[in-house]
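# Build me a model:
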Amino acid sequence: MKVENIILIGFMGSGKTSAGRLLAERLHYDFKDTDDMIGVLENTTIANIFRLHGEDYFRELETNLLLSIKDSMKRTVLSTGGGMPIRERNRKLLKEMGHVVFLRASCDTIIKRVSGDTSRPILKKGNLNETVERLLAVRTPYYEEAADVIIDTDNKSIYRIVDEIIEIIKYNVYQKRKDD
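Numbers count the residues shown, from 1 in each chain. Predicted structure coming up:
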């Protein structure tokens, strides 16, 4: 199987980081998380960036990060922040960088996974259920537009999710070779 990079997108709590780490390990790829990278570059937490500079500033940091790594990233599983694909430019960059996999989770699953997590600045505003429902409704079309593949993560272990990603990517690589 020859896929240069695998990009994981989806809402917070969809399993991008957990699945990404295991996927990278199984494929012998590097693993990178855009939120972690931005935190290191800015020498602070994502919550602090939101608090001090706001969401627009953070979204600009995401775009700048993609531009800085897009040509040098090789054999990497990249886990993105949940809001990264909302910018059209980011969706295009992600597609240029690798095979984009949307890890889709239902609203109920996301709420179960993120309730009690105080590190997510977007969830600190208002009612958790309403916030997740609203953001999921807005973001899902962007995730679908950016994705080469969609994997549902509800009621699945990280191992099963990773197995599905590997199988679908193998199939897509095979189909591409067959079509060429």
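
# Show the contacting residues for the residue nearest to Asp152 when sequence neighbours are not counted.
Spatial nearest neighbour of Asp152, excluding adjacent residues (C-beta to C-beta, 6 or more residues apart in numbering): Arg104 at 5.2 Å. Placement of C-beta: from N, CA and C, glycine included. Contact analysis of Arg104 by C-beta atoms under 8 Å, 6 or more residues apart in numbering lists 10, 14, 140, 143, 150-153.

# of these, buried ones?
Neighbour-count burial (16 or more other C-beta atoms under 10 Å) applied to the contacts of Arg104 gives 10, 14, 143, 151, 153.

# out of the residues you listed, which are inside helices?
Using DSSP state H, Tyr143 are the members of the buried ones among the contacts of Arg104 that sit in helices.

# okay if I get the buried ones among the contacts of Arg104 as TSV plus pLDDT and distance to Val40?
Listed next are those as TSV, based on pLDDT from 0 to 100; distance: C-beta to C-beta, whole Å:
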residue	pLDDT	distance to Val40
Gly10	97	22
Ser14	92	23
Tyr143	97	25
Ile151	96	28
Thr153	95	27
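
# farthest-separated two in the buried ones among the contacts of Arg104?
Within these, Tyr143 and Thr153 form the most distant pair, 12.4 Å apart (C-beta to C-beta).
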